[in-house]
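K.L.:
sequence and computational prediction follow.
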Amino acid sequence: RVSGKSYEELLREIIWQPLQMNNSRIALAGGDSTRFAIGHGPNGQAVHSWEFQSLAGCGAIRSCINDMLLYAKAQGSKDGSALSKAIQLTHETNFEYGQHKLGLGWHIFTQNGTRYIAHDGQTGGYCSSIIVNPASGNAVVILTNASVQPFNIAIALTQSLDKK
């Protein structure tokens, strides 16, 4: 409200453009829908994508694997830029309850002595998982057009990368 800009405009200006995430957006433009994979429900049936603006931060961002890998790479960046500093702040624990730790938009956990940040998402017919080891810079991003949670595969792949 203070900026007078939409959520999408702010994302584009503050995050997507600096990280060169040129294929990320909320509202699909004319030709975008031809590149948008059809989502599938639990029984494999095609489902309509969810379209909503009022809670856009909760699942309306559309992206591709290349852009998400740029975002994952930025999680390990410490180049001193304002964006890098802001990203690092999101990795700090802001809430803790038992074994559950949360940063700003991240679940924070340790497995086998290694600290990871992760975020999963799901909307109608789509699931995603991103797991980053900020110390090593290793990351895995899995995007699906099916109602199947990819977290277990993502953590196994990330841990495999960390062993190399």
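P.N.:
It's in.

K.L.:
hmm, residue 26 and residue 32 touching each other?
P.N.:
No: using C-beta atoms under 8 Å, residue 32 is not in contact with residue 26; the gap is 10.8 Å. Glycine gets a C-beta too; all of them are placed from N, C-alpha and C.

K.L.:
of these two, who's got more company?
P.N.:
residue 26 (18 against 12; other C-beta atoms under 10 Å).

K.L.:
elements contacting the longest strand along the chain?
P.N.:
When the chain is parsed with DSSP state E, its longest strand is strand 114-123. If contacts are counted by 3 or more C-beta pairs under 8 Å, 6 or more residues apart in numbering; DSSP states H and E, strand 114-123 sits against strand 107-111, strand 126-132, helix 151-163.

K.L.:
point out the most buried one among these.
P.N.:
Highest mean neighbour count among these (mean count of other C-beta atoms under 10 Å): strand 126-132, with a mean of 23.

K.L.:
mean confidence for that strand?
P.N.:
Taken as a whole, strand 126-132 has a mean pLDDT of 95.

K.L.:
cool, stretch 99-118 as well?
P.N.:
94.

K.L.:
how long is it end to end?
P.N.:
Across its full length, stretch 99-118 reaches 15 Å between end residues, using C-alpha to C-alpha, to the nearest Å.

K.L.:
what about residue 13, how many neighbours?
P.N.:
Residue 13, neighbours per other C-beta under 10 Å, totals 12.

K.L.:
no, scratch that, I was asking about residue 134
P.N.:
Counted with other C-beta under 10 Å, residue 134 comes out at 19.

K.L.:
residues contacting it?
P.N.:
Residue 134 makes contact with 75-76, 91, 115, 117 under the criterion C-beta atoms under 8 Å, 6 or more residues apart in numbering.

K.L.:
report the buried members of these.
P.N.:
75-76, 91, 117 (16 or more other C-beta atoms under 10 Å).

K.L.:
stretch 27-44: which residues count as buried?
P.N.:
Those would be 39-40, for stretch 27-44 by 16+ other C-beta under 10 Å.
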